[in-house]
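S.K.: What follows is a predicted structure for the sequence shown.
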Amino acid sequence: MTDKLCPDFAAAVADIPDGATIGFAGFGMPGTPFNLIAALAEHRARDLTLVANTTGGAQLPRMPDIGMLVERGKVRKVICAFTAATRASDVLPFTKYYETGEVAAELVPQGTLAERLRAAGAGIPAFYTPTGVGTELAEGRETRVIDGREYLLEYALKLDYAFLRARRADETGNLQFHRSQRNFNPVMATAARTALVEVEDPILPAGAMDPDAVHLPGIYIHRMVRVPPPPAGLWPQKRQERAPR
Amino acid sequence: MTQGYTRQQMADRIAARFQDGWIVNLGVGIPTLCSNTDISPRHVIYHSENGVIGYGPVAVAGAEDLDLVNAGGQNVTLLAGAAVVHHADSFAIIRGGRIDVTVMGAYEVSAGGDFANWKLAGAKGGGIGGAMDLAACAQRVFIIMEHVTRAGAPRLVERCALPVTARGVVRLVATDLGLFEPLGEAFRIVELAPGIGRDAVAAATGTALLD
(Lines give C-alpha, C1' and ligand atoms only; values in the text may rest on other atoms or scores of the structure.)
Protein backbone atom coordinates (compact mmCIF):
# COMPACT_ATOMS: atom_id res chain seq x y z
CA MET A 1 0.00 0.00 0.00
CA THR A 2 1.30 3.47 -0.85
CA ASP A 3 1.94 5.61 2.17
CA LYS A 4 -0.43 8.57 1.97
CA LEU A 5 0.72 10.16 5.21
CA CYS A 6 2.85 13.30 4.74
CA PRO A 7 5.19 14.57 7.47
CA ASP A 8 3.83 18.12 7.41
CA PHE A 9 1.60 20.54 5.52
CA ALA A 10 4.47 22.13 3.57
CA ALA A 11 5.38 18.70 2.15
CA ALA A 12 1.75 18.06 1.18
CA VAL A 13 1.51 21.21 -0.96
CA ALA A 14 5.15 21.27 -2.20
CA ASP A 15 4.47 20.13 -5.79
CA ILE A 16 1.53 22.47 -6.51
CA PRO A 17 2.53 24.36 -9.67
CA ASP A 18 1.77 27.86 -10.89
CA GLY A 19 -1.63 28.06 -12.56
CA ALA A 20 -3.19 25.17 -10.61
CA THR A 21 -6.94 25.02 -9.90
CA ILE A 22 -7.53 24.21 -6.22
CA GLY A 23 -10.82 23.60 -4.42
CA PHE A 24 -11.28 24.21 -0.70
CA ALA A 25 -13.90 22.41 1.39
CA GLY A 26 -15.54 24.20 4.28
CA PHE A 27 -18.72 26.06 5.17
CA GLY A 28 -18.04 28.51 7.96
CA MET A 29 -15.46 26.99 10.30
CA PRO A 30 -16.43 23.29 9.98
CA GLY A 31 -14.54 21.24 7.43
CA THR A 32 -12.24 24.07 6.36
CA PRO A 33 -8.61 22.97 5.77
CA PHE A 34 -7.05 25.92 7.60
CA ASN A 35 -3.64 24.27 7.91
CA LEU A 36 -3.34 23.37 4.23
CA ILE A 37 -4.45 26.90 3.27
CA ALA A 38 -1.81 28.36 5.60
CA ALA A 39 0.82 26.10 3.99
CA LEU A 40 -0.29 27.21 0.51
CA ALA A 41 0.16 30.83 1.61
CA GLU A 42 3.85 30.03 2.28
CA HIS A 43 4.27 28.00 -0.93
CA ARG A 44 5.69 29.68 -4.04
CA ALA A 45 2.89 28.80 -6.53
CA ARG A 46 1.13 31.77 -8.12
CA ASP A 47 -1.54 32.47 -10.72
CA LEU A 48 -3.89 30.07 -8.94
CA THR A 49 -7.60 29.54 -9.59
CA LEU A 50 -9.39 28.88 -6.30
CA VAL A 51 -12.81 27.27 -5.84
CA ALA A 52 -14.73 27.54 -2.56
CA ASN A 53 -18.07 28.54 -1.11
CA THR A 54 -16.77 31.90 0.11
CA THR A 55 -13.61 33.94 -0.06
CA GLY A 56 -13.56 34.09 3.74
CA GLY A 57 -13.36 36.91 6.20
CA ALA A 58 -17.11 37.29 6.84
CA GLN A 59 -16.81 35.84 10.34
CA LEU A 60 -14.47 36.50 13.24
CA PRO A 61 -11.98 35.40 14.32
CA ARG A 62 -10.45 35.45 10.85
CA MET A 63 -8.78 32.19 9.85
CA PRO A 64 -6.58 31.37 6.82
CA ASP A 65 -8.77 31.99 3.79
CA ILE A 66 -8.81 32.87 0.11
CA GLY A 67 -8.55 36.55 0.99
CA MET A 68 -5.17 35.84 2.60
CA LEU A 69 -3.91 34.12 -0.57
CA VAL A 70 -5.22 37.03 -2.65
CA GLU A 71 -3.43 39.52 -0.41
CA ARG A 72 -0.18 37.64 -1.10
CA GLY A 73 -0.64 37.99 -4.84
CA LYS A 74 -1.07 34.27 -5.52
CA VAL A 75 -4.51 34.27 -7.09
CA ARG A 76 -5.69 34.86 -10.64
CA LYS A 77 -9.32 33.90 -10.27
CA VAL A 78 -11.84 32.79 -7.66
CA ILE A 79 -14.97 30.69 -8.32
CA CYS A 80 -17.38 30.99 -5.40
CA ALA A 81 -20.95 31.70 -4.21
CA PHE A 82 -20.06 34.97 -2.46
CA THR A 83 -17.83 37.81 -3.63
CA ALA A 84 -19.46 40.06 -1.04
CA ALA A 85 -20.86 39.35 2.41
CA THR A 86 -24.44 38.28 3.13
CA ARG A 87 -24.82 41.41 5.23
CA ALA A 88 -24.18 44.29 2.87
CA SER A 89 -22.58 46.26 5.70
CA ASP A 90 -19.79 43.65 6.14
CA VAL A 91 -16.82 44.22 3.85
CA LEU A 92 -14.86 41.10 2.92
CA PRO A 93 -11.07 41.39 2.57
CA PHE A 94 -11.43 39.87 -0.91
CA THR A 95 -14.02 42.35 -2.20
CA LYS A 96 -11.69 45.29 -2.81
CA TYR A 97 -9.31 43.17 -4.91
CA TYR A 98 -12.22 42.05 -7.03
CA GLU A 99 -13.71 45.50 -7.41
CA THR A 100 -10.38 46.99 -8.52
CA GLY A 101 -9.94 44.16 -11.06
CA GLU A 102 -6.75 42.74 -9.50
CA VAL A 103 -8.46 39.34 -9.23
CA ALA A 104 -11.14 37.84 -11.44
CA ALA A 105 -14.19 36.12 -9.97
CA GLU A 106 -16.95 33.85 -11.21
CA LEU A 107 -20.00 34.05 -8.98
CA VAL A 108 -21.91 30.75 -8.91
CA PRO A 109 -25.05 29.82 -6.95
CA GLN A 110 -24.07 27.51 -4.11
CA GLY A 111 -26.07 24.51 -5.29
CA THR A 112 -24.79 24.94 -8.84
CA LEU A 113 -21.23 25.07 -7.48
CA ALA A 114 -21.75 21.83 -5.55
CA GLU A 115 -23.36 20.13 -8.55
CA ARG A 116 -20.65 21.31 -11.01
CA LEU A 117 -18.10 19.68 -8.72
CA ARG A 118 -20.21 16.56 -8.26
CA ALA A 119 -20.66 16.31 -12.04
CA ALA A 120 -16.90 16.63 -12.62
CA GLY A 121 -16.30 13.72 -10.26
CA ALA A 122 -19.10 11.66 -11.75
CA GLY A 123 -18.11 11.91 -15.42
CA ILE A 124 -20.98 14.22 -16.34
CA PRO A 125 -19.73 17.09 -18.54
CA ALA A 126 -22.71 19.42 -18.09
CA PHE A 127 -26.25 19.56 -16.76
CA TYR A 128 -29.38 21.71 -16.82
CA THR A 129 -30.60 23.41 -13.65
CA PRO A 130 -33.56 25.72 -12.92
CA THR A 131 -31.31 27.82 -10.65
CA GLY A 132 -30.48 31.27 -12.04
CA VAL A 133 -33.06 31.27 -14.86
CA GLY A 134 -34.38 34.79 -15.42
CA THR A 135 -31.44 36.40 -13.59
CA GLU A 136 -28.42 38.27 -14.91
CA LEU A 137 -26.36 35.08 -14.44
CA ALA A 138 -28.29 33.55 -17.34
CA GLU A 139 -27.73 36.45 -19.76
CA GLY A 140 -26.24 35.27 -23.04
CA ARG A 141 -26.09 31.66 -21.92
CA GLU A 142 -27.66 28.47 -23.22
CA THR A 143 -31.05 27.56 -21.81
CA ARG A 144 -33.49 24.86 -22.75
CA VAL A 145 -37.15 24.23 -22.06
CA ILE A 146 -37.78 20.69 -20.82
CA ASP A 147 -41.32 19.59 -19.91
CA GLY A 148 -42.43 23.22 -20.03
CA ARG A 149 -39.82 24.60 -17.62
CA GLU A 150 -36.74 26.63 -18.54
CA TYR A 151 -33.31 25.39 -17.42
CA LEU A 152 -29.80 26.84 -17.58
CA LEU A 153 -26.84 24.83 -18.90
CA GLU A 154 -23.96 24.50 -16.42
CA TYR A 155 -20.61 22.79 -17.01
CA ALA A 156 -18.69 20.43 -14.76
CA LEU A 157 -15.90 22.03 -12.75
CA LYS A 158 -12.71 19.94 -12.56
CA LEU A 159 -9.99 20.57 -10.00
CA ASP A 160 -6.27 19.83 -10.04
CA TYR A 161 -6.16 19.68 -6.24
CA ALA A 162 -8.73 19.52 -3.43
CA PHE A 163 -7.99 20.59 0.16
CA LEU A 164 -10.12 18.77 2.74
CA ARG A 165 -10.50 18.43 6.49
CA ALA A 166 -11.90 15.36 8.25
CA ARG A 167 -12.36 14.14 11.81
CA ARG A 168 -11.12 10.60 11.17
CA ALA A 169 -9.14 8.66 8.55
CA ASP A 170 -7.70 5.21 8.27
CA GLU A 171 -4.36 4.58 6.61
CA THR A 172 -6.01 3.82 3.25
CA GLY A 173 -7.56 7.32 3.29
CA ASN A 174 -11.14 6.31 4.10
CA LEU A 175 -12.69 9.37 5.76
CA GLN A 176 -15.36 10.19 8.31
CA PHE A 177 -16.59 13.72 8.92
CA HIS A 178 -18.14 15.05 12.10
CA ARG A 179 -21.49 16.91 11.87
CA SER A 180 -21.55 19.75 9.33
CA GLN A 181 -17.84 19.29 8.67
CA ARG A 182 -18.86 17.14 5.72
CA ASN A 183 -20.26 20.00 3.54
CA PHE A 184 -18.17 20.38 0.35
CA ASN A 185 -15.50 17.81 1.32
CA PRO A 186 -16.79 14.84 -0.73
CA VAL A 187 -17.50 16.81 -3.93
CA MET A 188 -14.19 18.67 -3.82
CA ALA A 189 -12.38 15.34 -3.47
CA THR A 190 -14.19 13.58 -6.28
CA ALA A 191 -13.73 16.56 -8.65
CA ALA A 192 -9.95 16.63 -8.10
CA ARG A 193 -7.05 14.73 -9.62
CA THR A 194 -5.19 14.98 -6.30
CA ALA A 195 -6.91 15.30 -2.91
CA LEU A 196 -5.13 16.41 0.27
CA VAL A 197 -6.78 16.01 3.67
CA GLU A 198 -5.90 17.32 7.12
CA VAL A 199 -7.04 14.81 9.74
CA GLU A 200 -7.95 15.59 13.34
CA ASP A 201 -7.85 12.21 15.11
CA PRO A 202 -4.98 9.68 15.08
CA ILE A 203 -4.87 7.76 11.78
CA LEU A 204 -6.57 4.39 12.20
CA PRO A 205 -5.10 1.16 10.88
CA ALA A 206 -6.76 -0.31 7.78
CA GLY A 207 -9.73 -2.37 8.88
CA ALA A 208 -10.48 -0.32 11.99
CA MET A 209 -13.19 1.75 10.28
CA ASP A 210 -16.52 0.02 9.62
CA PRO A 211 -16.84 -0.05 5.80
CA ASP A 212 -20.55 0.80 6.18
CA ALA A 213 -19.60 4.00 8.01
CA VAL A 214 -17.08 5.42 5.49
CA HIS A 215 -18.26 8.84 4.24
CA LEU A 216 -15.63 9.17 1.51
CA PRO A 217 -13.64 6.17 0.28
CA GLY A 218 -9.87 6.34 0.38
CA ILE A 219 -9.54 5.81 -3.39
CA TYR A 220 -10.15 9.57 -3.71
CA ILE A 221 -7.48 10.54 -1.16
CA HIS A 222 -3.81 10.94 -2.06
CA ARG A 223 -2.15 12.76 0.84
CA MET A 224 -2.96 13.02 4.55
CA VAL A 225 -1.50 15.19 7.30
CA ARG A 226 -2.36 15.03 11.01
CA VAL A 227 -3.42 18.34 12.52
CA PRO A 228 -1.22 19.01 15.57
CA PRO A 229 -2.87 20.25 18.75
CA PRO A 230 -3.13 24.03 19.09
CA PRO A 231 -1.29 26.34 18.89
CA ALA A 232 0.86 24.49 16.29
CA GLY A 233 -2.26 23.26 14.48
CA LEU A 234 -5.23 25.39 13.45
CA TRP A 235 -8.68 24.34 14.72
CA PRO A 236 -12.21 25.76 14.37
CA GLN A 237 -12.81 28.67 16.73
CA LYS A 238 -15.91 29.84 18.49
CA ARG A 239 -17.45 32.64 16.45
CA GLN A 240 -17.02 36.15 17.77
CA GLU A 241 -19.97 38.47 17.29
CA ARG A 242 -19.15 41.61 15.34
CA ALA A 243 -19.57 44.91 17.07
CA PRO A 244 -22.84 46.55 16.01
CA ARG A 245 -22.38 49.31 13.46
CA MET B 1 -40.90 52.10 16.59
CA THR B 2 -44.02 51.80 18.72
CA GLN B 3 -46.27 50.86 15.83
CA GLY B 4 -46.06 47.95 13.46
CA TYR B 5 -44.40 44.58 13.87
CA THR B 6 -41.05 44.07 15.56
CA ARG B 7 -38.49 41.80 13.88
CA GLN B 8 -39.62 38.87 16.03
CA GLN B 9 -43.29 39.58 15.29
CA MET B 10 -42.62 39.59 11.55
CA ALA B 11 -40.98 36.19 11.97
CA ASP B 12 -43.90 35.02 14.14
CA ARG B 13 -46.44 35.98 11.45
CA ILE B 14 -44.50 33.94 8.90
CA ALA B 15 -43.94 30.96 11.22
CA ALA B 16 -47.69 30.92 11.95
CA ARG B 17 -48.12 29.73 8.33
CA PHE B 18 -45.86 26.69 8.73
CA GLN B 19 -47.81 23.46 8.51
CA ASP B 20 -47.12 20.29 10.46
CA GLY B 21 -44.34 18.24 8.91
CA TRP B 22 -42.98 20.96 6.63
CA ILE B 23 -39.28 21.03 5.78
CA VAL B 24 -38.22 24.63 6.28
CA ASN B 25 -35.10 26.54 5.23
CA LEU B 26 -34.46 29.84 7.03
CA GLY B 27 -32.20 32.54 5.57
CA VAL B 28 -29.73 34.62 7.51
CA GLY B 29 -31.05 37.57 9.56
CA ILE B 30 -34.69 38.07 10.52
CA PRO B 31 -35.84 34.72 9.00
CA THR B 32 -33.70 32.91 11.59
CA LEU B 33 -36.07 34.28 14.25
CA CYS B 34 -38.86 32.01 12.89
CA SER B 35 -37.25 29.16 14.82
CA ASN B 36 -37.98 31.02 18.09
CA THR B 37 -41.72 30.95 17.41
CA ASP B 38 -43.78 28.41 19.34
CA ILE B 39 -45.94 26.71 16.72
CA SER B 40 -46.86 23.67 18.82
CA PRO B 41 -48.49 21.23 18.45
CA ARG B 42 -47.13 21.48 14.90
CA HIS B 43 -43.54 20.38 14.19
CA VAL B 44 -41.36 21.39 11.28
CA ILE B 45 -37.92 20.13 10.25
CA TYR B 46 -35.25 22.78 9.70
CA HIS B 47 -32.83 22.21 6.81
CA SER B 48 -29.71 24.25 6.21
CA GLU B 49 -27.67 24.51 3.03
CA ASN B 50 -24.62 22.81 4.54
CA GLY B 51 -26.53 19.55 4.77
CA VAL B 52 -27.95 19.61 8.29
CA ILE B 53 -31.49 18.22 8.44
CA GLY B 54 -33.30 18.60 11.76
CA TYR B 55 -31.25 21.18 13.64
CA GLY B 56 -32.55 22.70 16.84
CA PRO B 57 -31.89 25.78 18.99
CA VAL B 58 -28.57 27.60 19.14
CA ALA B 59 -26.21 25.78 21.53
CA VAL B 60 -25.79 27.20 25.01
CA ALA B 61 -22.46 28.90 25.69
CA GLY B 62 -19.80 26.38 26.60
CA ALA B 63 -21.66 23.44 25.04
CA GLU B 64 -21.10 24.31 21.36
CA ASP B 65 -19.93 21.70 18.88
CA LEU B 66 -17.67 23.86 16.70
CA ASP B 67 -18.19 21.44 13.79
CA LEU B 68 -21.95 22.05 13.75
CA VAL B 69 -23.30 25.27 12.25
CA ASN B 70 -26.43 26.41 10.45
CA ALA B 71 -26.31 28.44 7.24
CA GLY B 72 -25.71 31.62 9.21
CA GLY B 73 -22.66 30.16 10.95
CA GLN B 74 -24.35 29.86 14.34
CA ASN B 75 -23.39 26.85 16.45
CA VAL B 76 -26.70 25.03 16.63
CA THR B 77 -27.81 21.75 18.18
CA LEU B 78 -29.33 18.63 16.61
CA LEU B 79 -32.79 17.36 17.49
CA ALA B 80 -33.54 13.66 17.85
CA GLY B 81 -33.86 12.22 14.34
CA ALA B 82 -31.43 14.65 12.71
CA ALA B 83 -29.27 13.68 9.74
CA VAL B 84 -26.28 15.17 7.96
CA VAL B 85 -25.54 14.97 4.23
CA HIS B 86 -22.91 16.56 1.99
CA HIS B 87 -23.41 19.75 0.00
CA ALA B 88 -24.42 18.21 -3.33
CA ASP B 89 -27.03 16.05 -1.58
CA SER B 90 -28.23 19.05 0.42
CA PHE B 91 -28.91 20.94 -2.80
CA ALA B 92 -30.46 17.85 -4.37
CA ILE B 93 -32.96 18.11 -1.51
CA ILE B 94 -33.54 21.74 -2.51
CA ARG B 95 -33.65 21.28 -6.32
CA GLY B 96 -35.64 18.12 -5.90
CA GLY B 97 -38.50 20.14 -4.42
CA ARG B 98 -38.36 18.72 -0.87
CA ILE B 99 -38.21 22.14 0.83
CA ASP B 100 -41.79 23.18 1.66
CA VAL B 101 -40.88 26.77 2.37
CA THR B 102 -37.80 28.96 2.23
CA VAL B 103 -37.91 32.18 4.24
CA MET B 104 -35.48 34.85 3.09
CA GLY B 105 -34.69 38.51 3.45
CA ALA B 106 -34.86 40.78 0.40
CA TYR B 107 -34.05 44.29 -0.81
CA GLU B 108 -37.11 44.42 -3.10
CA VAL B 109 -40.14 42.33 -4.02
CA SER B 110 -42.27 43.05 -7.08
CA ALA B 111 -46.01 42.63 -7.48
CA GLY B 112 -45.21 39.86 -9.97
CA GLY B 113 -43.41 37.85 -7.28
CA ASP B 114 -39.86 38.64 -8.43
CA PHE B 115 -37.40 39.47 -5.67
CA ALA B 116 -33.87 40.80 -5.31
CA ASN B 117 -31.53 39.94 -2.45
CA TRP B 118 -28.03 39.23 -3.73
CA LYS B 119 -26.56 42.36 -5.26
CA LEU B 120 -26.75 46.07 -4.45
CA ALA B 121 -27.08 48.83 -7.03
CA GLY B 122 -23.74 49.58 -8.66
CA ALA B 123 -21.90 46.70 -6.96
CA LYS B 124 -19.60 44.52 -9.06
CA GLY B 125 -20.03 41.44 -6.90
CA GLY B 126 -22.60 40.04 -4.57
CA GLY B 127 -23.54 37.20 -2.28
CA ILE B 128 -25.72 34.58 -3.92
CA GLY B 129 -25.07 31.72 -1.54
CA GLY B 130 -27.93 29.25 -1.77
CA ALA B 131 -30.60 31.89 -2.42
CA MET B 132 -31.04 31.28 -6.16
CA ASP B 133 -31.33 27.50 -5.74
CA LEU B 134 -33.82 27.86 -2.89
CA ALA B 135 -35.83 30.54 -4.68
CA ALA B 136 -36.08 28.54 -7.90
CA CYS B 137 -36.88 25.20 -6.33
CA ALA B 138 -38.58 25.45 -2.92
CA GLN B 139 -42.34 24.83 -2.92
CA ARG B 140 -42.93 28.33 -1.48
CA VAL B 141 -40.87 31.48 -1.00
CA PHE B 142 -41.79 33.72 1.94
CA ILE B 143 -39.96 37.03 2.40
CA ILE B 144 -39.38 39.03 5.58
CA MET B 145 -38.06 42.60 5.23
CA GLU B 146 -38.56 46.17 6.41
CA HIS B 147 -41.30 47.85 4.38
CA VAL B 148 -39.02 50.71 3.24
CA THR B 149 -35.26 51.28 2.91
CA ARG B 150 -33.32 53.35 5.44
CA ALA B 151 -33.76 56.25 3.02
CA GLY B 152 -37.52 55.68 3.03
CA ALA B 153 -37.85 54.19 -0.46
CA PRO B 154 -40.47 51.45 -0.93
CA ARG B 155 -39.30 47.85 -1.10
CA LEU B 156 -42.64 46.55 -2.40
CA VAL B 157 -42.43 47.71 -6.00
CA GLU B 158 -44.03 47.33 -9.40
CA ARG B 159 -40.77 46.04 -10.91
CA CYS B 160 -37.44 45.25 -9.22
CA ALA B 161 -34.70 47.78 -10.02
CA LEU B 162 -31.97 45.55 -8.54
CA PRO B 163 -30.76 42.30 -10.16
CA VAL B 164 -33.31 39.60 -9.28
CA THR B 165 -32.70 36.34 -7.44
CA ALA B 166 -35.65 34.60 -9.12
CA ARG B 167 -38.82 35.61 -10.96
CA GLY B 168 -42.45 35.02 -10.06
CA VAL B 169 -41.78 32.89 -6.98
CA VAL B 170 -42.71 34.96 -3.90
CA ARG B 171 -45.96 33.83 -2.21
CA LEU B 172 -46.02 36.03 0.89
CA VAL B 173 -44.15 39.04 2.28
CA ALA B 174 -44.01 40.04 5.96
CA THR B 175 -42.92 43.59 6.70
CA ASP B 176 -43.08 45.77 9.79
CA LEU B 177 -46.39 47.12 8.39
CA GLY B 178 -48.19 43.86 7.66
CA LEU B 179 -48.49 40.78 5.49
CA PHE B 180 -48.74 41.11 1.72
CA GLU B 181 -49.34 38.71 -1.14
CA PRO B 182 -48.02 39.47 -4.66
CA LEU B 183 -50.84 38.97 -7.15
CA GLY B 184 -49.19 40.00 -10.42
CA GLU B 185 -50.39 43.58 -10.86
CA ALA B 186 -50.67 44.49 -7.19
CA PHE B 187 -50.06 43.32 -3.64
CA ARG B 188 -53.06 42.10 -1.65
CA ILE B 189 -53.12 43.24 1.97
CA VAL B 190 -53.42 39.99 3.94
CA GLU B 191 -53.27 41.80 7.27
CA LEU B 192 -52.11 45.13 8.67
CA ALA B 193 -49.86 45.31 11.73
CA PRO B 194 -51.43 46.77 14.89
CA GLY B 195 -51.72 50.56 14.71
CA ILE B 196 -50.97 50.66 11.00
CA GLY B 197 -53.52 52.22 8.64
CA ARG B 198 -54.07 51.46 5.00
CA ASP B 199 -53.10 55.00 3.94
CA ALA B 200 -49.73 54.74 5.69
CA VAL B 201 -49.05 51.45 3.89
CA ALA B 202 -50.12 52.87 0.53
CA ALA B 203 -47.76 55.83 1.01
CA ALA B 204 -44.87 53.46 1.77
CA THR B 205 -45.57 51.05 -1.11
CA GLY B 206 -44.29 51.48 -4.66
CA THR B 207 -47.17 49.77 -6.43
CA ALA B 208 -50.89 49.14 -6.23
CA LEU B 209 -52.52 47.55 -3.19
CA LEU B 210 -55.68 45.43 -3.06
CA ASP B 211 -57.74 44.77 0.05
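M.R.: Yes, it's here.
S.K.: contacts and neighbour counts: CA atoms only from here.
M.R.: Fine.
S.K.: any idea how far whatever residue of chain B ends up closest to chain A lies from A:Glu115?
M.R.: Using CA to the nearest CA, the closest approach of chain B to chain A is made by B:Gly127 at 4.1 Å. Distance of B:Gly127 to A:Glu115, given as CA to CA, to the nearest Å: 18 Å.
S.K.: mind listing what the residue of chain B closest to chain A touches?
M.R.: When contacts are counted by CA atoms under 8 Å, 6 or more residues apart in numbering or on different chains, B:Gly127 touches A:81-86, B:118-119.
S.K.: swap the cut-off to 10 Å and go again
M.R.: A:54, A:80-88, A:107-110, B:117-120 (CA atoms under 10 Å, 6 or more residues apart in numbering or on different chains).
S.K.: Show me what B:Leu156 bridges to in the sheet.
M.R.: B:Val109 (DSSP bridges).
S.K.: So which residue of chain A lies furthest out from the middle?
M.R.: Most distant residue from the mean C-alpha position of chain A: A:Gly148, 35.0 Å away (CA atoms, centre = their mean).
S.K.: Please report the distance of it from A:Pro130.
M.R.: A:Gly148 is 12 Å from A:Pro130, by CA to CA.
S.K.: Mutual contacts of these two, please.
M.R.: In contact with both A:Gly148 and A:Pro130: no residue, using CA under 10 Å, 6+ apart.
S.K.: quick revisit: and the residue of chain B closest to chain A, what's its pLDDT?
M.R.: Per-residue confidence (pLDDT) for B:Gly127: 93.
S.K.: For the residue nearest to it when sequence neighbours are not counted, the count of nearby residues, please.
M.R.: In space, and not counting its chain neighbours, B:Gly127 is closest to A:Phe82: 4.1 Å by CA to CA, 6 or more residues apart in numbering or on different chains. Residues near A:Phe82, counting by other CA atoms under 10 Å in any protein chain shown, number 28.
S.K.: Return the residues in contact with A:Phe82.
M.R.: Counting by CA under 10 Å, 6+ apart, A:Phe82 has contacts A:52-56, A:92, A:95, A:105-110, B:118, B:125-130.
S.K.: Then A:Met188?
M.R.: A:22-26, A:51-52, A:114, A:117-118, A:120-121, A:157-159, A:161-164, A:195, A:220.
S.K.: Likewise for B:Arg167?
M.R.: A:132-135, B:109-110, B:112-116, B:135-136, B:160.
S.K.: Keep only those of these that are in strands.
M.R.: Among these, the members falling in strands are B:109-110, B:115-116 (criterion: DSSP state E).
S.K.: can I get those residues in CSV with pLDDT?
M.R.: Converted to CSV, these look like this (pLDDT from 0 to 100):
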residue, pLDDT
B:Val109, 98
B:Ser110, 98
B:Phe115, 98
B:Ala116, 98
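S.K.: Show me where the chain has its helices.
M.R.: Picking chain A for this. A:9-13, A:34-42, A:66-71, A:93-99, A:110-122, A:185-191 (DSSP state H).
S.K.: try chain B instead
M.R.: Counting by DSSP H, the helices of chain B are B:7-15, B:87-95, B:131-137, B:198-203.
S.K.: Of these, flag the one that's most buried.
M.R.: Mean neighbours per residue, mean count of other CA atoms under 10 Å in any protein chain shown, is largest over these for helix B:131-137, with a mean of 27.
S.K.: can you put the helices of chain B in JSON lines and add distance to A:Arg76 and mean pLDDT?
M.R.: Formatted as JSON lines, the helices of chain B follow (distance: least, CA to CA, whole Å; pLDDT from 0 to 100):
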{"stretch": "helix B:7-15", "distance to A:Arg76": "42", "mean pLDDT": "98"}
{"stretch": "helix B:87-95", "distance to A:Arg76": "26", "mean pLDDT": "98"}
{"stretch": "helix B:131-137", "distance to A:Arg76": "26", "mean pLDDT": "98"}
{"stretch": "helix B:198-203", "distance to A:Arg76": "48", "mean pLDDT": "97"}
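S.K.: Tell me if I'm right that A:Pro205 and A:Arg168 touch.
M.R.: No: using CA atoms under 10 Å, A:Pro205 and A:Arg168 do not qualify as a contacting pair, with a distance of 11.2 Å.
S.K.: Look at these two and report which has more neighbours.
M.R.: A:Arg168 (21 against 11).
S.K.: and the more buried one, bridged to which residues?
M.R.: A:Gln176.
S.K.: which residues touch it?
M.R.: A:174-178, A:198-204, A:209, A:214, A:226.
S.K.: next one: B:Ala121
M.R.: Counted by CA under 10 Å, 6+ apart, B:Ala121 has contacts B:161-163.
S.K.: Now the two most distant members of the contacts of A:Arg168.
M.R.: A:Val214 and A:Arg226 (18.4 Å; CA to CA).
S.K.: between the two, which one's more packed in?
M.R.: Under the criterion of other CA under 10 Å, the comparison of A:Val214 against A:Arg226 puts A:Arg226 first, with 23 against 17.
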